[in-house]
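Novice: model the structure of this input:
(2 chains)
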Amino acid sequence: MDPRHFLEGVFLVFAALLPIVNPLGAAPVFLAMTRYADDTTRTILARKVTINSFILLMASVLVGTYVLEFFGLSVPVVQVGGGLIVCSVAWDLLRGADASKKSNAEGVPDPEAVATEAFYPLTLPLTVGPGSISVAITIGANHPQSVRSFLTTSVSSLLGVLLICISVYFCYRYAERLSKFLGGTGTAVVVRLSAFILLCIGVQIMWNGIDALVGITGPAHVPRP
Amino acid sequence: MFDEDLQQLIRAILVVVGAILPIVNPVGSAPMFLAMTHGADSRTRSTLAGLVAVNSFVLLLGSLIFGNFVLRLFGLSVPVVQFAGGLVLCSLGWRLLTDDAPEAAPAAAPQDVNAISRAFYPLTLPLTVDPGAISVAVTIGANHASSIARILIALLGAIIGVAVISGTVWLTYRYAERVALWLGHSRLMVVLRLSAFIVLCIGVQIAWNGAKALVEEFPFAAPAAPTTVAPRH
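Specialist: Model (predicted):
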């Protein structure tokens, strides 16, 4: 096992995924979506989201290509579909002024309902979005030939994904301190602003997918700028 | 030397004010401000005017200085921000246009706390500082000068320019109510519906500008000037 290749692999996975998973950016959104939850629930949620993200990312790296092949999907299609979901989540969050009132009236929701939220929408479109999934699939797509190098890549991507998930956990776990520091109005502003950025991200992911799709089906012989 | 710096400072201020003020257009959005704060009393409204002005200042200055950085961090392009923001503005205009609450709203007058929590969204973000203004601010901020002295001058110019804009916002929103009293209820409703329709149109325009810039990236589209398309990552 070549240690230098191994470290490069870890770094590649980490550097490619971190800006897209972007736990720092997603932390205010996480706060906004769990604003009715208390401190303990939020800690549990942070842990669950981290574990979910780890499994989802690892699965995308290892078997993502095969799943896409099995269903006959292409990566741009996943981006378009996923971008739509991100847009819809962001839209709800942006228009969420009435939702906060509603949940206040309902009181504390049961932990069962909170736990079901840990996968959708907290993990799937929010933390590990379609952008991250498509990058993870692309990382996994160039599988090496020999068994030994396959093992090396698998272990290095495992470590890279693990590092990503650890940073997700810390950002989400301490998101509440950030909100206390910002105060009520400050948090509201940050939440709205990040909801707007999330909407833009959704449009961007969708657009990247559409661009790739049209590039495939359209006259591809025209040189791209 | 000093004269040159002063000249450059004035130019920086004029660029910021001249480019952003017509888009922020406080006089045009003052009726919308009135409509969205319908039912609030005079004191709440003047607090809101102050808050919106401060928010606008921070948001515009933030877009000028960090806008480019934030876009790069999230891998976004300016046309995408325009498209998404245009959609948000459309939805706001649509809601104001089709909303028939203002008739007897005082019965359900919103609490002060509630009204103040709306100072950022929707009063500041899509209404006062719309995505068009944000994208212009990001574009102005994108071409930073090279030397430190130039950067400082540009920064100072940006701060003063944005301060002028938010000052205008504050003044117009603060005295919007007097205009409303002078107009009377029924005429005010006409102005409100009209400006709601205009907001809807502005939203469509911004979304269209974004969509157009995006579509021009397509290989089969007309060979447009490449400068209109922001680099994608």
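Novice: for chain B, which residues score under the pLDDT cut-off?
Specialist: Low-confidence segments of chain B (pLDDT under 70): B:1, B:100-115, B:143-146, B:218-233.
Novice: quick one: contacts for the residue most central in space within it?
Specialist: By C-alpha atoms, centre = their mean, chain B has its centre lying nearest to B:Val129, at 1.6 Å. When contacts are counted by C-beta atoms under 8 Å, 6 or more residues apart in numbering or on different chains, B:Val129 touches B:Val24, B:Asn55, B:Ser56, B:Leu59, B:Leu60. C-beta coordinates here come from the backbone N, C-alpha and C atoms, glycine included.
Novice: recalculate using a threshold of 7 Å.
Specialist: Shown in contact with B:Val129 (C-beta atoms under 7 Å, 6 or more residues apart in numbering or on different chains): B:Val24, B:Ser56, B:Leu59, B:Leu60.
Novice: gap between the helix or strand that the last one is a member of and the chain center?
Specialist: Read it as B:Leu60. Per DSSP states H and E, B:Leu60 falls inside helix B:42-74. Mean-position distance between helix B:42-74 and its chain equals 9 Å (C-alpha atoms, centre = their mean, to the nearest Å).
Novice: got it, and stretch B:164-180?
Specialist: Using C-alpha atoms, centre = their mean, the offset of stretch B:164-180 from its chain centre is 14 Å.
Novice: for it, give me every contacting residue.
Specialist: B:17, B:20-21, B:24, B:26-27, B:30, B:33-34, B:42, B:45-46, B:49-50, B:52-53, B:56-57, B:60, B:128, B:188.
Novice: of the residues you listed, buried ones?
Specialist: Buried by 16 or more other C-beta atoms under 10 Å in any protein chain shown: B:17, B:20-21, B:24, B:26, B:30, B:33-34, B:45-46, B:49-50, B:52-53, B:56-57, B:60, B:128, B:188, out of those.
Novice: got the residues of chain B near chain A?
Specialist: Within chain B, the positions adjacent to chain A are B:73-77, B:80-81, B:83-84, B:88, B:117-118, B:120-121, B:125, B:214, B:217-220, B:226 by C-beta under 7 Å from any C-beta of the partner chain.
Novice: ok, the contacts of B:Val129 vs A:Gly202, which is closest?
Specialist: Using C-beta to C-beta, B:Leu59 is the member of the contacts of B:Val129 that sits closest to A:Gly202, with 21.0 Å.
Novice: ok, the closest residue to the closest one other than its chain neighbours to B:Ser63 distance?
Specialist: Leaving aside its sequence neighbours, B:Leu59 sits nearest to B:Val129 (C-beta to C-beta, 6 or more residues apart in numbering or on different chains; 5.1 Å). Per C-beta to C-beta, to the nearest Å, B:Val129 is found 8 Å from B:Ser63.
Novice: which helices and strands sit right next to the helix or strand hosting A:Val89?
Specialist: Here A:Val89, judged by DSSP H and E, is contained in helix A:75-94. Identification of packing neighbours for helix A:75-94 by 3 or more C-beta pairs under 7 Å, 6 or more residues apart in numbering or on different chains; DSSP states H and E yields helix A:130-141, helix A:175-217.
Novice: rewinding a little: only whichever of the residues of chain B next to chain A are buried, select them in PyMOL.
Specialist: Those of these that count as buried under 16+ other C-beta under 10 Å are selected in PyMOL with:
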select buried, chain B and resi 74+75+76+77+80+81+83+84+88+117+118+120+121+125+214+217+218+219
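Novice: in helices only, show me the residues of chain B next to chain A.
Specialist: Residues of these located in helices (DSSP state H): B:Leu73, B:Phe74, B:Val80, B:Val81, B:Phe83, B:Ala84, B:Val88, B:Ser117, B:Leu214.
Novice: list the buried residues for stretch B:177-186?
Specialist: Burial within stretch B:177-186, assessed by neighbour count using 16+ other C-beta under 10 Å, is assigned to B:Glu177, B:Ala180, B:Leu183.
Novice: and for stretch A:186-202?
Specialist: A:187-202.
Novice: check these and tell me the two furthest apart.
Specialist: Longest span within those, C-beta to C-beta: A:Thr187 and A:Gly202, 22.0 Å.
Novice: distance of the most centrally placed residue in chain A from B:Gly167?
Specialist: The residue lying closest to the centre of chain A (C-alpha atoms, centre = their mean) is A:Val128, at 1.7 Å. In this structure, A:Val128 and B:Gly167 are 44 Å apart, going by C-beta to C-beta.
Novice: quick one on the thing from earlier: so which of the helices and strands packed on helix A:75-94 is nearest chain B?
Specialist: When those are compared by C-beta to the nearest C-beta, helix A:175-217 sits nearest chain B, at 4.0 Å.
Novice: what inclination does that closest one have with respect to helix A:75-94?
Specialist: 140 degrees (axes from the mean of the first three to the mean of the last three C-alpha atoms, to 10 degrees).
Novice: helix A:175-217 packs against which elements?
Specialist: In this structure, helix A:175-217 packs against helix A:23-33, helix A:75-94, helix B:78-98, with contacts taken as 3+ C-beta pairs under 7 Å, 6+ apart.
Novice: with distance to B:Asn68 added, can I get these in TSV?
Specialist: Formatted as TSV, these follow (distance: least, C-beta to C-beta, whole Å):
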stretch	distance to B:Asn68
helix A:23-33	16
helix A:75-94	21
helix B:78-98	9
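Novice: least confident secondary structure element in chain A?
Specialist: Least confident helix or strand, chain A: helix A:97-106 with a mean of 44, by mean pLDDT, DSSP states H and E.
Novice: returning to that earlier point: among the buried residues of stretch B:177-186, which lie within helices?
Specialist: Using DSSP H, the buried residues of stretch B:177-186 in helices are B:Glu177, B:Ala180, B:Leu183.
Novice: which residues does B:Glu4 contact?
Specialist: B:Glu4 neighbours (C-beta under 7 Å, 6+ apart): none.
Novice: please, which helix or strand holds it?
Specialist: Counting by DSSP H and E, B:Glu4 is found in helix B:2-24.
Novice: what angle sits between that helix and helix B:42-74?
Specialist: Relative orientation of helix B:2-24 versus helix B:42-74 (the same axes, to 10 degrees): 110 degrees.
Novice: cool, thanks, talk later.
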